[in-house]
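Colleague: Dropping the sequence and predicted coords here.
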Amino acid sequence: MKNNHLDSNVPSGRRSFMRNLLFGAFSASLSSAKLISQQEKQGARLKKGEMFYRRLGRTDLLISEISLGGSPLPAKPILYQAIERGVNYIDTSHSYMNGNSERQIGQLLKDMGRDKIHVGTKFHLRGKWSEESIISSVEGSLRRLDTDYLDVLLIHGASDEKHLTDERVLGAFEKFKKQGKYRFRGLSCHSNHHKVVKEAVECGLYDMVQLGYNVFDIRNTKKEIETYDDYLGQSGIRRLLALAKSNDVGIIAQKTLKVGGKRQNLEKYRTGTTSIFQAMLKWVLENKNLTSALTEMLTYEQLEEDLAVAGKVLSEKERVNLFHFVVENSENYCHMCGLCEINCPSHVKTTSILRYLAYYEDYKKTNLAKQAYSRLKPSEGPHSCQNCGDCERLCPYGVSIRERLKEAHSILRT
Ligand code: SF4
Ligand code: SF4
């Protein structure tokens with residue numbers, strides 16, 4: 001399914017924004033679509049003001065290299081400044097901040113102009129979900145966002161590749177498409193990437209994917225530091241990004257800083273004026289197969305820190321410091337590959353539980369972590385573990401999964 005919406009289906013305000021953007025940076029003698037195509041082939045970034053933009057695959061949306069995660073959103077003045085300074089994509093969900101993320105974005109759309117911001121929101125497939133439950137969730141999102149349409153409608157945290165072509169999901173997507181309530185179809189993926197993203201690309205029904213991608217995709221092997229691009233055999237994250245690119249499916253990177261909004265003091269990894277967080281973002285953005293890095297900019301310092309990265313190249317000195325940081329901090333880091341969960345004979349939701357633990361430990365999102373943990377069925381929790389050890393034998397990162405499950409239970413049970 002191919003979409004060429006840049007000119008034909010875009011409201012006139014956005015069209016003029018796009019044209020200004022393009023024409024400000026390049027020759028006015030070429031049409032927008034042709035221009036994007038030519039620049040894209042050369043892997044170019046388009047610049048306006050201090051921000052750089054890249055094309056989001058076949059959506060033809062031009063997305064700022066730094067985009068904004070909506071869980072949580074920053075305070076209003078920071079949020080508005082981010083948009084004024086060129087951030088033009090916000091990722092949200094019906095579940096973020098109990099719906100307040102969408103409400104605040106709705107106000108932002110009114111105040112700043114609907115055509116200035118691309119919004120992606122998501123629906124879950126959990127519990128006893130159905131086409132009706134998806135429709136009800138998305139209608140709630142449209143109401144809270146107070147908008148007629150979404151730029152991207154995404155499945156939230158797709159973990160089963162079969163869901164992508166499930167008739168209930170496709171039925172809901174089709175209904176909304178006929179009503180013009182979204183422009184592009186996508187999904188976010190926290191686990192089982194190797195199957196889910198591959199299916200999303202190959203089934204041809206999805207225009208973009210949000211995928212965790214961060215500097216911990218480098219590892220230290222036999223005391224040599226090397227890029228870890230194939231930890232899932234034929235389906236490493238980098239290979240998934242390349243697969244998406246070759247099929248013109250857009251990728252937005254999430255979990256880019258691993259640490260979420262609460263940034264620790266990591267001054268010792270600073271390279272001159274470049275903080276370790278800036279180096280992490282530069283590392284993500286040097287991959288030309290993706291469009292944008294989602295971050296949470298909760299303070300003015302974080303806003304400045306992240307916006308300063310757009311268009312910048314990682315220096316070799318910064319890269320070396322980044323490697324040292326990863327080597328010293330990657331032990332026991334779960335990459336959410338999903339191998340343990342898929343293969344657990346007791347069907348314990350290992351990957352999900354480790355993710356909730358990361359919400360608690362790295363992101364300091366205690367409520368989110370506890371709520372997510374409380375939604376597990378008893379049969380999916382640590383008590384169902386038979387102690388067979390298969391998960392740990394399979395884990396490419398040597399995560400002490402059973403130990404972590406116990407920690408999760410003692411911390412997250414309510
Ligand atoms: S040790 Fe427990 S969690 Fe791990 S695979 Fe075996 S039953 Fe599943
Ligand atoms: S614990 Fe290991 S196997 Fe399980 S999801 Fe994380 S990295 Fe993959």
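Modeller: That came through, no problem. Ligands and ions are numbered 1, 2, ... in the order given.

Colleague: and the residue in the stretch 51-200 of the chain that ligand 1 sits nearest to, how many residues sit next to it?
Modeller: Residue of the stretch 51-200 of the chain nearest ligand 1, by CB to the nearest ligand atom: Ser191 (14.3 Å). C-beta here means a position set from N, CA and C on the backbone, and glycine is covered the same way. Counted with other CB atoms under 10 Å, the neighbours of Ser191 add up to 27.

Colleague: Give me the secondary structure label for it.
Modeller: Secondary structure assignment for Ser191 (DSSP: H, G, I helix; E, B strand; the rest coil): coil.

Colleague: would you list every one of the strands in the stretch 201-350 of the chain?
Modeller: Along the stretch 201-350 of the chain, the stretches classed as strands by DSSP state E, counting those that start in this stretch are 208-212, 218-221, 224-227, 250-254, 292-295.

Colleague: worst average pLDDT in those strands?
Modeller: Ranked on mean pLDDT, the bottom entry among the strands of the stretch 201-350 of the chain is strand 224-227, at a mean of 39.

Colleague: pull the helix or strand with minimum mean pLDDT from the chain.
Modeller: helix 5-8 (a mean of 33; mean pLDDT, DSSP states H and E).

Colleague: Contact residues of the stretch 1-150 of the chain facing ligand 2?
Modeller: When proximity is defined by CB under 6 Å from any ligand atom, the stretch 1-150 of the chain lies next to ligand 2 nowhere.

Colleague: Would you mind listing what in the stretch 151-300 of the chain touches ligand 2?
Modeller: Counting by CB under 6 Å from any ligand atom, no residue of the stretch 151-300 of the chain is near ligand 2.

Colleague: what's near enough to touch the residue of the stretch 151-300 of the chain found nearest ligand 2?
Modeller: Residue of the stretch 151-300 of the chain nearest ligand 2, by CB to the nearest ligand atom: Ser191 (6.3 Å). By CB atoms under 8 Å, 6 or more residues apart in numbering, Ser191 lies in contact with 157, 159, 336-338, 341, 351-352, 355.

Colleague: Check the residues you listed one by one and keep those near ligand 1.
Modeller: Okay, of the contacts of Ser191, nothing touches ligand 1 (CB under 6 Å from any ligand atom).

Colleague: does the closest residue in space to Glu341 that isn't next to it in sequence sit in a helix or strand, and which one?
Modeller: Nearest non-adjacent residue to Glu341, counting by CB to CB, 6 or more residues apart in numbering: Thr351, 4.1 Å away. Using DSSP states H and E, Thr351 sits within helix 350-361.

Colleague: buried stuff in the following helix or strand past that helix?
Modeller: Using DSSP H and E, the helix or strand that directly follows helix 350-361 along the chain is helix 366-374. Going by neighbour count (16 or more other CB atoms under 10 Å), the buried part of helix 366-374 is 368-373.

Colleague: what's the closest of these to ligand 1?
Modeller: Tyr373 (15.4 Å).

Colleague: Hmm, Leu46 and Gly311 touching each other?
Modeller: No - using CB atoms under 8 Å, Gly311 is not in contact with Leu46, being 10.1 Å away.

Colleague: circling back: surely the residue nearest to Glu341 is in contact with Cys344?
Modeller: No - Thr351 lies out of contact with Cys344 (CB under 8 Å); the separation is 9.4 Å.
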